[in-house]
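J.: pasting a predicted model and its sequence here:
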Amino acid sequence: MASRILHRLRHVLAGEGERDGLAGCSSEAEEFPESSELEDDTEGLSTRLSGTLSFTSNEEEEEEEDTSEARGEQGESLEPGLLGETTENGEDSPPSTERRGSNLLTRQLQELWRKSRGSFVPQRLLFEVTSANVVNERNSKYVLYTIYLIRAGQFDKAPATIARRYSDFERLNRRLRRHFGSDMAGVSFPQKRLRRNFTAETIAKRSRAFEQFLSHLHSLPEIRRSADYLEFFFLNDLQGAQRLTCSGVYHQALAVWTNSQRLQEKLGACHSGHFLLTLAGLAVCQQELEQLGEAHASCEQALWLLEAQDRHPLLAPFLQAYIHLSWMLGRDKRQAEARLQALQEAGEVGLLLPTLKELLIKQALP
């Protein structure tokens, strides 16, 4: 009987040894997979990630560093046993402990996300030269570069465009270096050439250089908020739209006003006098073209921006236009009428108000 028991015990021990050996082999196989699964795909990755170069702003880099530091501090503050504990017998703790740790981590991530939502992140833009055409005029020849401004990281349904020549870029570069010498120290600009300015190679190199030039400028907070930088994009549009509106060419003027609005929205310049003038131009052209709903919306947006500015010269004309459009569309106009009456009683405006169109024609642009 004893010999039989010893014989069975040897078989059991031998079987466990074989299973342990097989388990060890399988773990090694999982730890060291086939070499084909570890092949370097760097070249393919570079191909997939290749595209237009864009720069992020300094503020975004600082925010990313702050977020990573916050994550590190919170990771160190976690108690060692929250993400995995063992009992005295070496067995895993009950699943409730794991859930407690994961719930705590989730709450911390949610708190970080709530904090990041409240922080200001500047609009990231791509600047893409989509075409470059050689223009021959009577006494000059130059290349006109068409540039699209597109929101990065998402599909942009309404990109804005500008058309600029080398001299426009050079003027912007000169002004910014005069006003922001330290910030512009690291910004490169394509130099003039004495010849071969109109070859395909030169035009292609300058196109890429202008994209990077504008992207780098947009990454610098002080520069992207400056008047020189902003007016480079939309001042020409405003001047052209104003001339077209005064000439009564409302369809063409509306297209230019609309592009100017998109430019200012993408550049974050929606709280300036230029943007209010743009809304006035939109409202005038839309009303002349009998697009009453769109004109009403333009006036409503302007009044929202002028909510705390009772002495702005455009306030009363916008109120007057809004009241008239609300009457034509059958919409509530009592609040606007009360505000206009209060301005008149306070002596802020007279009884005879200039219309938006009159102010638009008289407005002098630099």
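T.: Yep, that arrived.
J.: what about the strands in the chain?
T.: 125-136, 141-151, 160-165 (DSSP state E).
J.: packing partners for the first one?
T.: So that's strand 125-136. Strand 125-136 is packed against strand 141-151, helix 200-218, with contacts defined by 3 or more CB pairs under 8 Å, 6 or more residues apart in numbering; DSSP states H and E. Yep, even glycine has a C-beta here, placed from its N, CA and C like the rest.
J.: select, out of the ones you listed, the one closest to residue 332.
T.: strand 141-151 (34.3 Å; CB to CB).
J.: that closest one - what's its average pLDDT?
T.: Strand 141-151 shows a mean pLDDT of 94.
J.: please apply the same query to stretch 175-183.
T.: Stretch 175-183 comes out at a mean pLDDT of 95.
J.: if we go by neighbour counts, what in that stretch is buried?
T.: 175-176, 180, 183 (16 or more other CB atoms under 10 Å).
J.: compute the first-to-last residue distance for it.
T.: 12 Å (CA to CA, to the nearest Å).
J.: picking that back up, got the strands of the chain as JSON lines, with distance to residue 287 and mean neighbour count columns?
T.: Listed next are these as JSON lines, based on distance: least, CB to CB, whole Å; neighbours: other CB atoms under 10 Å:
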{"stretch": "strand 125-136", "distance to residue 287": "32", "mean neighbour count": "16"}
{"stretch": "strand 141-151", "distance to residue 287": "28", "mean neighbour count": "17"}
{"stretch": "strand 160-165", "distance to residue 287": "23", "mean neighbour count": "18"}
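J.: with distance to residue 200 as new columns, can those be given to me in CSV?
T.: Converted to CSV, the strands of the chain look like this (distance: least, CB to CB, whole Å):
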stretch, distance to residue 200
strand 125-136, 9
strand 141-151, 11
strand 160-165, 17
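J.: I'd like to know which of these lies nearest to residue 286.
T.: Here strand 160-165 is closest among the strands of the chain (CB to CB), at 18.6 Å.
J.: any residues touching the closest one, and which ones?
T.: Defining contact as CB atoms under 8 Å, 6 or more residues apart in numbering, one finds that strand 160-165 is touched by 130, 135, 142-149, 232-233, 236-237, 259, 262-263, 266.
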